[in-house]
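Colleague: would you be able to build a 3D model of this:
(chains A and B)
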2 protein chains.
Amino acid sequence: MSDKQNRQFRPLPVPNVELHGLFGARQDAICNSTAATLLDRCVEAGMVRAIDVDKPSPGIILPLQTWSGSTQMFWDSDLGKSIETIAYSLYRRPNPELEARADAIIDMYEKLQQEDGYLNAWFQRVQPGRRWTNLRDHHELYCAGHLIEAAVAYYQATGKRKLLDIMSRFADYMITVFGHGEGQLRGYCGHEEVELALVKLGRVTGEKKYLDLAKYFIDERGQEPHFFTDEALRDGRDPAKFVQKTYEYNQAHQPVREQKKVVGHAVRAMYLYSGMADIATEYNDDSLTSALETLWDDLTTKQMYVTGGIGPAASNEGFTDYYDLPNESAYAETCASVGLVFWANRMLGRGPNRRYADIMEQALYNGAMAGLSLDGKTFFYENPLESAGKHHRWTWHNCPCCPPNIARLLASVGSYMYAAADNEIAVHLYGESKARVPLASGVTVELSQETNYPWDGAIHFGVNPDRGACFALSLRIPEWAEGATLAINGASVDLSSITVDGYARIEREWQSADKVDLNIPLIPRTLFANPKVRQDAGRAALMRGPLVYCVETTDNGLDLNGISLAGNPATAQTAEIAALEGAVALDIPVNRDDADWGSDLYRTAPPKSRSATARFVPYHLWDNREPGEMLVWVRAGQTQHGA
Amino acid sequence: MSDKQNRQFRPLPVPNVELHGLFGARQDAICNSTAATLLDRCVEAGMVRAIDVDKPSPGIILPLQTWSGSTQMFWDSDLGKSIETIAYSLYRRPNPELEARADAIIDMYEKLQQEDGYLNAWFQRVQPGRRWTNLRDHHELYCAGHLIEAAVAYYQATGKRKLLDIMSRFADYMITVFGHGEGQLRGYCGHEEVELALVKLGRVTGEKKYLDLAKYFIDERGQEPHFFTDEALRDGRDPAKFVQKTYEYNQAHQPVREQKKVVGHAVRAMYLYSGMADIATEYNDDSLTSALETLWDDLTTKQMYVTGGIGPAASNEGFTDYYDLPNESAYAETCASVGLVFWANRMLGRGPNRRYADIMEQALYNGAMAGLSLDGKTFFYENPLESAGKHHRWTWHNCPCCPPNIARLLASVGSYMYAAADNEIAVHLYGESKARVPLASGVTVELSQETNYPWDGAIHFGVNPDRGACFALSLRIPEWAEGATLAINGASVDLSSITVDGYARIEREWQSADKVDLNIPLIPRTLFANPKVRQDAGRAALMRGPLVYCVETTDNGLDLNGISLAGNPATAQTAEIAALEGAVALDIPVNRDDADWGSDLYRTAPPKSRSATARFVPYHLWDNREPGEMLVWVRAGQTQHGA
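Modeller: This next block holds a predicted model:
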């Protein structure tokens, strides 16, 4: 494994990938609606006024949120993610009006920035004098991080450096503030985010100092004497009166390399691990990779919904006990699944491995993508796996973190599909697309995918290096893809002989117009949960390819818990649903409890059962038609369990 | 039915019933522990200091509760229920020390009472000047009601009139405050309770004016123009800013006779309906009875747990949607099931009817009785039907309404077992006991039950009138009691020929030493929920007699959701559990998911299953042994459904 560990895969820049198919449609919705909507809502909430130094400070705007701070305190992050989304949307579709609006906001930030580089709407405009006094609760570096991400994206999209320069100045100032030197703060943020943002800044500017600062924040986290305790005492606060009670909430209870259990606030955890994985890649840091592998196992074998949703509890927006995965009350915040995609993607930095990429795909297509409606106009914050009919997407949210988060992920999803190391291209995700991959050798490869994935498993690659060249092309073979086949220029290849860590690694001399045909059978499969997941006992979930399926009232009427599987779902009939942009539905034989039960609440005889067909649709598309009930884990009944 | 409607059954006074068996044991625990414990905890909370005019006002004691008021605001009610419990305990076992402590509190209330009769710790000691300014939120009449109930019980127990006189003075003052006259308030309390208390006061004093005031409160409730709205405006509050958003919370959204749906805060609802039923009995008010019958149906066919728990949601401590009965997150407050017992009992005021008495028994033995540990020292506030192992009884609660509520119910349960009309005795509940029933004719009947009910269904009555007399003895035949038999002095009687509304009505000339033998087969039965109860789909609950059963980890290990029924529970083996005071357990063949699943969280093959025996124990006894998981609704599996 040692040779692999020195490979450093970095995602393709967003502009290098052109998307069609399902992802292309999502990006069109973002270009058509979401990008401008995000900005509109930020304006309505007062966020833009809040950074406009030509207007008086807005003061504290009620109602305050009661988490560990006010959401107003992290409005910079909402603006940052919105600008980031706009940037990605501008790659796909130039929009001078939207670009002008973003430019205007960037101009405001330029005017707001202080002499020394500091920049934060809340601590400059609402609570001046409180700068760096409560890193634990007040999202100060978190806000900086999101503005840095916006700056990188906006620079890449438009070539305009203004925000990048602003945020580089801020980062330079941070380098003077944080460290072990005399008068420096040995601190880090209570809401991780700046770490991964600084890595992006370092990569785009080529400045290692930003990576070093990110590494500093990661190395320092959870060390004793504890920064959050010292900081509270300095600030006259009782450290014991932390509303979240434990530093596990912030993943600051132990040094990060000693952490073995995924705990606390789910989004915070994902952002931390993402930053750790980036630093592990950039520094070839095996100690970080080793800790991350343990944490990965902990999350994915004990704490993850089948949708890739994570963090079941609203109370801490995060993790509870192992195997505690309630369906109807699942918090499973959109941002947390987005964060899991971030983390999984960065775990691929040290080499392709389907252990990470399969989960990345699962979280992306289900827990994350559910967060945005097909028209790009409404958003889920929580993503339950069961609804009695009252859970619907919001046009906005008091804590508006999720809308721009799912939007920026989908608008940049091309960079999650492809990654490149010196002389190797990894294809982590499938979908109709064209990618331009510059290799270290100077060769540029045009790589195309012709496919209707995820609706169909036939994927046709065109490999077009600008000159004949030897490099490796690694294609993920999902663990669930039983019976997958591969052909190179029409000649079958024995997959097992070339598959490493779940990727078919094709190392050869490539010529222009080479073809690779990958076929992944998309046979519906029935999933059962570990018997320790009490909420799923006696129940089953259906998947086809990367997609989790569910039943909805609009197709199946009321009382979805009266459905139990009958027969083998592998033999399901498929049907295209026009109202869901051609999504593939599965029609499956089931038994249904008879609704003709009368008025009794309890009886000594069970409900009668009748044979029926139930229509299953992709989970991420639920609540895009008539509102109603929804259910993922249906009763397993007498199903034959074909994989 | 017209002749029945003029019957007026009233419960026997508590001192007229002597209890043994299961209820006797519970009462012993209350005498030994609970009664004094309640008072100790009231003292610790500061409640006694709060009414002591010789000490300074305690002011507002933090932390405040955030319901519609501070719990401190209703401390009088906690003291009232505690004194009521002590009073009942003194019938069973004289305790001069405890009586002296209660007397001392009563003396404090005497000193606290104002000239005009007003009495309320909060509005005299903490917020003087706010009297009668916010009836909606501030529990003012609710507190009065509980002190009235205490006064009645204490007078009956000890013959001491002091508290009764105090509360009669207060009630006399209320009569001047509330009404339609010039300068009177057209109000009523936001937390119903005083209505049923005034009925008790009227019955014990023979003063109809107290019944009339109760009827006034009931008649006035929900009328327009709305008192709560007018009151808020007078008080400078915005009526729209009611934290509970709707007057349904207080059952004040409509005049009570127009209400058809059980809504809002569950305890408030039960107390209102109890008061309504009392007034229906006292005034032969068919319009109230008719509304109550509709509400009864609504509750028991759409909104009641199989345990008789009600009010699934913590957010409003009350009702949500029809058929929404989550098990693990069930609020099902102990007080709410106690309140359901109150209501059911009062629905029997117009004649025996098992429609009410069966539910009374079900709520009493399950949802309510679970609230008190076997040793009488710890208490449940919420009563979920499933626990992952972290739900346990409290020694106390920030909102300590439940401990004295379940204690006073159990300490007075004799009066729920027996009721008498002019020339008729109704036996609503079974259990080893002796009752002294004075009839209107002047005859006094000593009625004894020799039985090990609810563990065994053989019940032997001794009927001993002090002279030969003709009267009716009505014995409830529960709806579930298939195959019940009856014999009078050894001679079988055809039950169907004498059963009216589910009661065997034995009207004859009774002589001393007459015997009635009732045999109720206690065959375990499997209950299924209406398919609209999504949380119970594919699941079953076991009952035997009035008792709901559950599985616990202490008998069955972990992962209780891996259990599914196999075979016919009617043929269960029974076993006595010494650690649960001889309670009858049911050992039943089941299948269990194999725990040997490995580390996967999800797999395409279901867990293997193995045959096993599971031990079911009465739900109300759970969490009396080693702590662990608990489950009522187990997977129905392939059970044969014997009733």
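Colleague: run through chain A and note the low-pLDDT ranges.
Modeller: A:1-5, A:62-70, A:638-643 (pLDDT under 70).
Colleague: go again with 50.
Modeller: Under the criterion pLDDT under 50, the flagged ranges of chain A are A:1-4, A:66-68, A:640-643.
Colleague: can you give me the domain boundaries for it?
Modeller: A:19-412, A:418-519, A:525-635 (automatic domain parsing).
Colleague: give me the residue from the stretch 351-500 of chain A nearest chain B.
Modeller: A:Ala388 (6.6 Å; C-beta to the nearest C-beta). The way it works is simple: take the backbone N, C-alpha and C, and place the C-beta from them, glycine included.
Colleague: could I get the domains of chain A as JSON lines with mean neighbour count?
Modeller: Output for the domains of chain A, formatted as JSON lines (neighbours: other C-beta atoms under 10 Å in any protein chain shown):
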{"stretch": "domain A:19-412", "mean neighbour count": "21"}
{"stretch": "domain A:418-519", "mean neighbour count": "18"}
{"stretch": "domain A:525-635", "mean neighbour count": "20"}
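Colleague: these: which one's closest to B:Ala336?
Modeller: Minimum separation from B:Ala336 across those (C-beta to C-beta) falls at domain A:525-635, 16.4 Å.
Colleague: state the distance from A:Val533 to A:Val48.
Modeller: Going from A:Val533 to A:Val48 by C-beta to C-beta, to the nearest Å gives 45 Å.
Colleague: and if you look at A:Ile459?
Modeller: Counting by C-beta to C-beta - A:Ile459 and A:Val48 are separated by 44 Å.
Colleague: so what's A:Leu185 bridging to?
Modeller: Beta-bridge pairing of A:Leu185 under DSSP bridges involves A:Phe178.
Colleague: that one contacts A:Ile175, doesn't it?
Modeller: No: using C-beta atoms under 8 Å, A:Leu185 makes no contact with A:Ile175, being 11.6 Å away.
Colleague: before we move on, what SS does A:Tyr173 have?
Modeller: Secondary structure assignment for A:Tyr173 (DSSP: H, G, I helix; E, B strand; the rest coil): helix.
Colleague: quick one, what contacts it?
Modeller: A:Asp116, A:Gly117, A:Tyr118 (C-beta atoms under 8 Å, 6 or more residues apart in numbering or on different chains).
Colleague: ok, those residues vs chain B, which is closest?
Modeller: A:Tyr118 (37.6 Å).
Colleague: check which helix or strand the closest one maps to.
Modeller: Using DSSP states H and E, A:Tyr118 sits in no helix or strand.
Colleague: my guess is the residue of the stretch 351-500 of chain A closest to chain B contacts A:Glu629. True?
Modeller: Yes: using C-beta under 8 Å, A:Ala388 is in contact with A:Glu629, at 5.9 Å.
Colleague: which positions in the stretch 251-400 of chain A make contact with chain B?
Modeller: A:297, A:300-302, A:304, A:306, A:321, A:324, A:326, A:328-329, A:386, A:388 (C-beta under 8 Å from any C-beta of the partner chain).
Colleague: which of these fall within helices?
Modeller: Counting by DSSP state H, the part of these found in helices is A:Asp297, A:Thr300, A:Thr301, A:Lys302.
Colleague: on that earlier part again, with distance to chain B as extra columns, can I get the contacts of A:Tyr173 in TSV?
Modeller: Below are those laid out as TSV (distance: C-beta to the nearest C-beta, whole Å):
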residue	distance to chain B
A:Asp116	42
A:Gly117	43
A:Tyr118	38
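Colleague: distance to A:Asn366 added to the residues you listed, as a markdown table?
Modeller: Below are these laid out as a markdown table (distance: C-beta to C-beta, whole Å):
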| residue | distance to A:Asn366 |
| --- | --- |
| A:Asp116 | 45 |
| A:Gly117 | 41 |
| A:Tyr118 | 40 |
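Colleague: quick check: A:Cys550 is in a strand.
Modeller: Yes: assessed by three-state DSSP, A:Cys550 belongs to a strand.
Colleague: and the most centrally placed residue in chain A, helix, strand or coil?
Modeller: Centroid-nearest residue in chain A: A:Val338, 1.7 Å away (criterion: C-alpha atoms, centre = their mean). Recorded secondary structure, A:Val338: helix (three-state DSSP).
Colleague: and it, what does it touch?
Modeller: By C-beta under 8 Å, 6+ apart, the neighbours of A:Val338 are A:Met270, A:Ala368, A:Gly371, A:Cys402, A:Asn405, A:Ile406, A:Leu409.
Colleague: what about those residues, which are in helices?
Modeller: Filtering those for helices - DSSP H - leaves A:Met270, A:Cys402, A:Asn405, A:Ile406, A:Leu409.
Colleague: got the contact list for stretch A:127-143?
Modeller: So stretch A:127-143 is contacted by A:68-69, A:73-77, A:80, A:118, A:120-123, A:174, A:177, A:185, A:187-194, A:217, A:227-228, A:231-232, A:234-235, A:237, A:242, A:250, A:252 (C-beta under 8 Å, 6+ apart).
Colleague: what segments of the stretch 251-400 of chain A are strands?
Modeller: A:386-387 (DSSP state E, counting those that start in this stretch).
Colleague: need the domains of chain A in CSV (columns: distance to B:Leu527).
Modeller: Shown next, in CSV, are the domains of chain A (distance: least, C-beta to C-beta, whole Å):
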stretch, distance to B:Leu527
domain A:19-412, 22
domain A:418-519, 40
domain A:525-635, 5
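Colleague: what's the closest of the ones you listed to B:Gly431?
Modeller: That would be domain A:525-635 among the domains of chain A, by C-beta to C-beta, at 23.7 Å.
Colleague: how far off centre is that closest one?
Modeller: Between the centre of domain A:525-635 and the centre of its chain there are 26 Å (C-alpha atoms, centre = their mean, to the nearest Å).
Colleague: so how far is the first residue of that domain from its last?
Modeller: 15 Å (C-alpha to C-alpha, to the nearest Å).
Colleague: isn't A:Pro546 up against A:Pro454?
Modeller: Yes: between A:Pro546 and A:Pro454 a contact is recorded at 5.7 Å, counting by C-beta under 8 Å.
Colleague: need the overlap of contacts for the two.
Modeller: Joint contacts of A:Pro546 and A:Pro454 (C-beta under 8 Å, 6+ apart) are A:Tyr365.
Colleague: angles on the backbone of A:Thr444, please.
Modeller: With angles defined as degrees, to the nearest 10, A:Thr444 sits at phi -110, psi 130.
Colleague: wouldn't it be in contact with A:Ile425 here?
Modeller: No: A:Thr444 is not in contact with A:Ile425 according to C-beta under 8 Å; the separation is 11.1 Å.
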